[in-house]
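Chemist: Sequence first, then the predicted structure, then my questions.
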Amino acid sequence: MAKETLKSKRENPLYTKALQLQGNGKLLDYDDPETGEKFRYAQVNVPAVKCCPFATEGCKAVCYATKGNHVFPSVQKSRERSLQETKRTDFAEAMFYTITTELSSKRYADCIMLVRTHESGDFYSLQYLKKTVKYWSMFEGNMQVRFVFYTKSFPFFLQLTEEEQAVIIRMMEAGQIAMNLSLDDTTTEEQWKAYAKMRKVFRLANTYICTIYYDDIKHDNVCDCANCAKCGTCNRSTGKITVVIIHSASKEDIEAYRRGMKRRLFQLVA
């Protein structure tokens, strides 16, 4: 019987191309000078907006995943293909097989695979989230694989079973999962209430609040998104609240964002 090779494993029907073996212009591979750990990105993406059931008006207005290189046909096709892959009944098993396969490749040798779930898109259904939590759980305790994601899909996380929530909490405590909760100036009161419940369940979850206000931010922890590759703060669950200044959107996008605003953000988080 022929010995399995990396090439033959990649040709296995269980292997899924939903896992993309790279980062992007901001998700750059990096080596941590403090720990000596070497991080190499991988991604799972689905179409933006279409797969963001809880996207706010402001989020849709300035979404970087709907602009620039993200609108190239090849990129759109890749995300649609990934979306179809996530609908596989064996998606969790396929992701486990694929990640395990790639851990033996040269790219991830002696490195940590940092899987960014959704540079584009979000958890678009409870079923999809459950599949994702299932394959996360398969790597619990394997510190060569870590997961990081931003999300507005708070209701789906609150609908998980206690055991599924417990898996996420344990992996956050171990440093294997970084959960980043996303809010902005246009977040509705209903979404704020769901967020408050999330904070009670997932106490180590980070909060990132995006805002267009530059001059009157009264907060100790402000991020200007200048150097994600060297920062890595969002790759660790610490429970901190961080304010992110929206700085790269066009004037037209900012005006569209303003139209979605109902009240001043910091009246709600003061």
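Modeler: Received the coordinates, thanks.
Chemist: Just the strands from this protein, written as ranges.
Modeler: Using DSSP state E, the strands of the chain run over 19-20, 30-31, 38-44, 112-117, 145-151, 177-184, 206-211, 222-223, 241-245.
Chemist: Lowest average pLDDT across those strands?
Modeler: In terms of mean pLDDT, the lowest-scoring of the strands of the chain is strand 222-223 (a mean of 70).
Chemist: Ranking helices and strands of the protein by mean pLDDT, which lands last?
Modeler: Across the helices and strands of the chain, mean confidence by mean pLDDT, DSSP states H and E is lowest for helix 265-269: a mean of 46.
Chemist: one step back: the strands of the chain: which one's closest to residue 78?
Modeler: strand 19-20 (7.4 Å; C-beta to C-beta). Using the backbone N, CA and C atoms, a C-beta is placed for each residue, glycine as well.
Chemist: which outside residues touch that closest one?
Modeler: 42-45, 78, 82, 95, 98-99, 102, 115 (C-beta atoms under 8 Å, 6 or more residues apart in numbering).
Chemist: give me every residue that touches the residue lying closest to residue 99 once chain neighbours are set aside.
Modeler: In space, and not counting its chain neighbours, residue 99 is closest to residue 145: 6.1 Å by C-beta to C-beta, 6 or more residues apart in numbering. Applying C-beta under 8 Å, 6+ apart to residue 145 gives the contacts 99, 103, 112-113, 115, 139, 176.
Chemist: and residue 145, what are its bridge partners?
Modeler: Taking DSSP bridges as the rule, residue 145 bridges to residue 113.
Chemist: still on that earlier bit, from the contacts of residue 145, which two are the most distant?
Modeler: Longest span within these, C-beta to C-beta: 103 and 176, 14.2 Å.
Chemist: can you tell me the distance between the two ends of stretch 203-212?
Modeler: The first residue of stretch 203-212 is 27 Å away from its last residue (C-alpha to C-alpha, to the nearest Å).
Chemist: Counting neighbours, which bits of it end up buried?
Modeler: 204-212 (16 or more other C-beta atoms under 10 Å).
Chemist: For that stretch, what is the distance to the chain centroid?
Modeler: What separates the centre of stretch 203-212 from the centre of its chain is 13 Å, taken as C-alpha atoms, centre = their mean, to the nearest Å.
Chemist: re earlier: higher neighbour count, residue 103 and residue 176?
Modeler: Neighbour tally, residue 103 and residue 176, criterion other C-beta atoms under 10 Å: the higher count belongs to residue 176, 21 against 17.
Chemist: Please look at that one and residue 138 and confirm they touch.
Modeler: No. Judged on C-beta atoms under 8 Å, residue 176 makes no contact with residue 138 at a distance of 11.7 Å.
Chemist: Could you give the number of residues near the closest residue to residue 61 other than its chain neighbours?
Modeler: With sequence-adjacent residues excluded and distances taken as C-beta to C-beta, 6+ apart, residue 61 is closest to residue 256, at 3.8 Å. Residues lying near residue 256 (other C-beta under 10 Å) number 16.
Chemist: Give me the distance between residue 256 and residue 57.
Modeler: Distance, residue 256 to residue 57, using C-beta to C-beta, to the nearest Å: 8 Å.
Chemist: now swap in residue 51 and tell me
Modeler: 17 Å.
Chemist: Work out the gap between stretch 186-201 and the centre of the chain.
Modeler: 18 Å.
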